[in-house]
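Participant: Need coordinates for the following:
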Amino acid sequence: MSTHTARLIAPHGATAAHGHPTAVHDGRPIPPPPLPPFANGQPTPVPAVQAGPTANGQPAAAADGRPGGGVGAQHFRNVLGRFATGVVAITAIDQDGEPCGLAANSFTSVSLDPPLVAFCVAHTSSSWPRLRSAARLCVNVLAEHHEEVSRQLAAKGGDKFAGLGWTLSPGGGPILDGALAWIDCSVEAEHLAGDHIIVVARVHGLDTHADHGPLVFFRGGYGRFQA
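Facilitator: Residues are numbered from 1 along each chain as shown. Sure thing, here's the model as predicted:
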């Protein structure tokens, strides 16, 4: 791990100070991570759970202030939004030969042997059916200057690749100009998880691409790191 100090720099106009979403998908607000905000954008209902005891043995207060109550969705988003993530674009060439994609911050490595990664998409995503029908997917790690690219891929309808520069990866998926890295993969398994699907994908090839700082999502807004 690097010993350099990193600082999140919020972009102009972000509302990160209060944790409110600034990104949208399909014209609706995007909740902050680790809920997958870019795949859906609709508020994600959260099942009620019992609060555990505090250090002094007393029940912890729930989001609405009542001891032992349920977890409120907004409070859940605000608290989990303090976990900063990167942002990726998942792209493919669909069955009609057209590029398609979506943006997600719910991306992680899973396994070295075999090489697996995972990301989450909403049941209501209109882009995922086009992506999953492709033989190969390409995960693009977005750079700090890709905020508008992320917003474009998160928007509903229209040509999401309008004005975007890209080339084909060895696996046949779009690599966006300026992406920090690309990962060619195929769907290994899908697991239902509430109102989202956890997609596990097998990696077939990957490499670094451009050299920039990362695009970061934190407390509902985009930012960048300054080391």
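
Participant: now residue 148, what's its secondary structure?
Facilitator: helix (DSSP: H, G, I helix; E, B strand; the rest coil).

Participant: mind listing what it touches?
Facilitator: Contact analysis of residue 148 by CB atoms under 8 Å, 6 or more residues apart in numbering lists nothing. (C-beta placed from N, C-alpha, C; glycine too.)

Participant: I'd like to know how many residues surround residue 180.
Facilitator: Close neighbours of residue 180, defined as other CB atoms under 10 Å, add up to 20.

Participant: Kindly apply the preceding question to residue 201 instead.
Facilitator: 24.

Participant: Quick check: it touching residue 186?
Facilitator: Yes - using CB atoms under 8 Å, residue 201 is in contact with residue 186, at 6.3 Å.

Participant: Any idea which helix or strand in this structure has the lowest mean pLDDT?
Facilitator: Between all helices and strands in the chain, the lowest mean by mean pLDDT, DSSP states H and E belongs to strand 24-25, at a mean of 37.

Participant: pLDDT score for the nearest residue to residue 89 once chain neighbours are set aside?
Facilitator: Nearest non-adjacent residue to residue 89, counting by CB to CB, 6 or more residues apart in numbering: residue 140, 4.2 Å away. On the pLDDT scale, residue 140 is placed at 98.

Participant: and what of the one 4 residues further on?
Facilitator: Model confidence at residue 144, given as pLDDT, is 97.

Participant: Could you tell me the end-to-end distance of stretch 143-156?
Facilitator: One end of stretch 143-156 sits 22 Å from the other (CA to CA, to the nearest Å).

Participant: Could you give me the buried positions within that stretch?
Facilitator: 143, 144, 146, 147, 149, 150, 151, 152, 153, 154, 155 (16 or more other CB atoms under 10 Å).

Participant: And the pLDDT for the closest residue to residue 196 other than its chain neighbours?
Facilitator: Among residues not flanking residue 196 along the chain, residue 120 sits closest, at 4.7 Å (CB to CB, 6+ apart). What the model reports for residue 120 is a pLDDT of 97.

Participant: follow-up on the earlier one: anything in contact with each of residue 201 and residue 186?
Facilitator: residue 137.

Participant: just to revisit the earlier point, surely the residue nearest to residue 89 touches residue 91?
Facilitator: Yes - between residue 140 and residue 91 there is a contact under CB under 8 Å: 6.2 Å.

Participant: Give me the common contacts of these two.
Facilitator: 174, 175, 176.

Participant: Format those as JSON lines; extra columns: secondary structure and distance to residue 78.
Facilitator: JSON lines is the format used below for the shared contacts of residue 140 and residue 91 (DSSP: H, G, I helix; E, B strand; the rest coil; distance: CB to CB, whole Å):
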{"residue": "174", "secondary structure": "strand", "distance to residue 78": "34"}
{"residue": "175", "secondary structure": "strand", "distance to residue 78": "35"}
{"residue": "176", "secondary structure": "strand", "distance to residue 78": "31"}
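
Participant: Now a PyMOL select for only the buried ones of those.
Facilitator: The buried subset of the shared contacts of residue 140 and residue 91, as determined by 16+ other CB under 10 Å, is captured in PyMOL by this line:
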select buried, resi 174+175+176
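
Participant: Surely residue 146 and residue 215 touch.
Facilitator: Yes - between residue 146 and residue 215 there is a contact at 5.1 Å, judged by CB under 8 Å.
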